[in-house]
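S.K.: Structure for the following, please:
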Amino acid sequence: MLPLTDSHGRTKRKLRISLTDRCNFRCTYCMPEQPDWLPRASLLSRDEVVRLAGLFVAHGIEQIRLTGGEPLLRRDLRECVLALDGLRAQGLRRLSMTTNASRIAPRAGDLVAAGIDDFNVSLDAVEPALFRRMTGREIAPVLDGIDALVAAGAKVKLNAVVVRGDNDGDVVALLEWAMRRGLPLRFIEYMPLDAPGQWRRDAVVSEADMIQAIRQRGHTVERQARGNDPATPWRVDDDYDLGIISTVSQPFCSTCDRLRLTATGELFTCLFSPVGTPLGARMRSGDDDEALAAIVRRAVWLKDAGYAVRPGPVERATTMHSMGG
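M.R.: Okay, here's the model as predicted:
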């Protein structure tokens, strides 16, 4: 089958699937103060997740990342992983997961054995009080989870959203912590995704601001050539690779190769799309795979140029904790 390509010439190779909108953290930049959880019956079943994932793999998707909410809150997570791992015979090359790692320690080895190739762990600060203020939770279980993943032989990457007035003063401390442990780290600019009216441009710590802070602490930082990955690669002290996702200050839309499927099966071709395509609903109404594939191809073809041409907050009913990061 032909790959999924949009009208701007971008071919889609990666799909993010949210397994649940529920999360045990309350990160200030992601979760509403009073989250309104989706009814469990509205979430895609395991068979539905695998059916839709297989449809995308048949059209050229090579990498799938499981997100949430927090994927560890999905009761049949291991079974979902095992079923998705079976898509490797159809062309899937990589199965990943994004997690806050607070509940993963006792399950790390099991998830690696089930088929997860790598994990992105959200870690916005290493100072316990600051971490607690940003997430509403304690840091110790997260650090235990990271240690357990490393012990299980998993590939681990750390993600940190940087917000001015919150953790901007912890950027270098977090970098040095990751460097000492040999764990890759990506800083992410604070993006205008949720809480309309609350996101402020002056709360964004730009890529340039982060690099300046790192250099001021005596580290050498050299920019590297970038590819399709959303993170700009930087080499720190000649031996450590840092990534910075600078959606706001330097959008990477021209190379975007990602699609997103919410926990209810709504397809978002862009993280900033105001509306999605109700793929799950069409599947439940009886559409066969051919009809669903036609819907997907049309939605992808109509994907617009992205944040680079229409920057600013996005208002929509679907919030970040149900779409997945």
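S.K.: Tell me which residues are up against the helix or strand hosting residue 132.
M.R.: Applying DSSP states H and E as the criterion places residue 132 in helix 128-135. Under the contact criterion C-beta atoms under 8 Å, 6 or more residues apart in numbering, helix 128-135 has outside partners 25-28, 100, 123-125, 137-140, 142, 163, 166-167, 170. Bear in mind the C-beta positions are built from the backbone N, C-alpha and C, glycine included.
S.K.: List buried residues within those.
M.R.: Buried subset of these (neighbour count, 16 or more other C-beta atoms under 10 Å): 25, 27-28, 100, 123-125, 137, 139, 142, 163, 166-167, 170.
S.K.: residues near residue 300, how many?
M.R.: Number of residues near residue 300 (other C-beta atoms under 10 Å) recorded here: 22.
S.K.: Helix, strand, or coil at residue 271?
M.R.: Using DSSP: H, G, I helix; E, B strand; the rest coil, the structure places residue 271 in coil.
S.K.: so what's it up against?
M.R.: Applying C-beta under 8 Å, 6+ apart, the residues near residue 271 are 191, 193, 258, 260, 307, 323.
S.K.: Which residues are in contact with the third one?
M.R.: Under the criterion of C-beta under 8 Å, 6+ apart, the contact partners of residue 258 comprise 12, 14, 15, 16, 271.
S.K.: Which of the buried ones among the contacts of helix 128-135 fall within helices?
M.R.: With DSSP state H as the criterion, helices contain residue 142 from among the buried ones among the contacts of helix 128-135.
S.K.: Counting residues, which strand of this structure comes out longest?
M.R.: strand 155-162 (DSSP state E).
S.K.: ok so, going back, can you put the buried ones among the contacts of helix 128-135 in JSON lines and add distance to residue 225?
M.R.: Shown next, in JSON lines, are the buried ones among the contacts of helix 128-135 (distance: C-beta to C-beta, whole Å):
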{"residue": "25", "distance to residue 225": "35"}
{"residue": "27", "distance to residue 225": "32"}
{"residue": "28", "distance to residue 225": "34"}
{"residue": "100", "distance to residue 225": "32"}
{"residue": "123", "distance to residue 225": "27"}
{"residue": "124", "distance to residue 225": "28"}
{"residue": "125", "distance to residue 225": "30"}
{"residue": "137", "distance to residue 225": "38"}
{"residue": "139", "distance to residue 225": "35"}
{"residue": "142", "distance to residue 225": "33"}
{"residue": "163", "distance to residue 225": "29"}
{"residue": "166", "distance to residue 225": "32"}
{"residue": "167", "distance to residue 225": "29"}
{"residue": "170", "distance to residue 225": "29"}
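S.K.: Serialize the buried ones among the contacts of helix 128-135 to a markdown table and add fields for distance to residue 94 and pLDDT.
M.R.: A markdown table is the format used below for the buried ones among the contacts of helix 128-135 (distance: C-beta to C-beta, whole Å; pLDDT from 0 to 100):
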| residue | distance to residue 94 | pLDDT |
| --- | --- | --- |
| 25 | 25 | 92 |
| 27 | 26 | 87 |
| 28 | 31 | 79 |
| 100 | 21 | 97 |
| 123 | 22 | 97 |
| 124 | 25 | 96 |
| 125 | 29 | 96 |
| 137 | 29 | 95 |
| 139 | 29 | 98 |
| 142 | 24 | 98 |
| 163 | 30 | 94 |
| 166 | 32 | 93 |
| 167 | 29 | 95 |
| 170 | 31 | 93 |
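S.K.: of all the buried ones among the contacts of helix 128-135, which comes closest to residue 151?
M.R.: Residue 151 has its nearest neighbour among the buried ones among the contacts of helix 128-135 in residue 142, at 15.0 Å by C-beta to C-beta.
S.K.: can you pull the contacts of residue 226?
M.R.: Applying C-beta under 8 Å, 6+ apart to residue 226 gives the contacts 232, 233.
S.K.: Please give the element, helix or strand, for it.
M.R.: Using DSSP H and E, residue 226 maps to neither a helix nor a strand.
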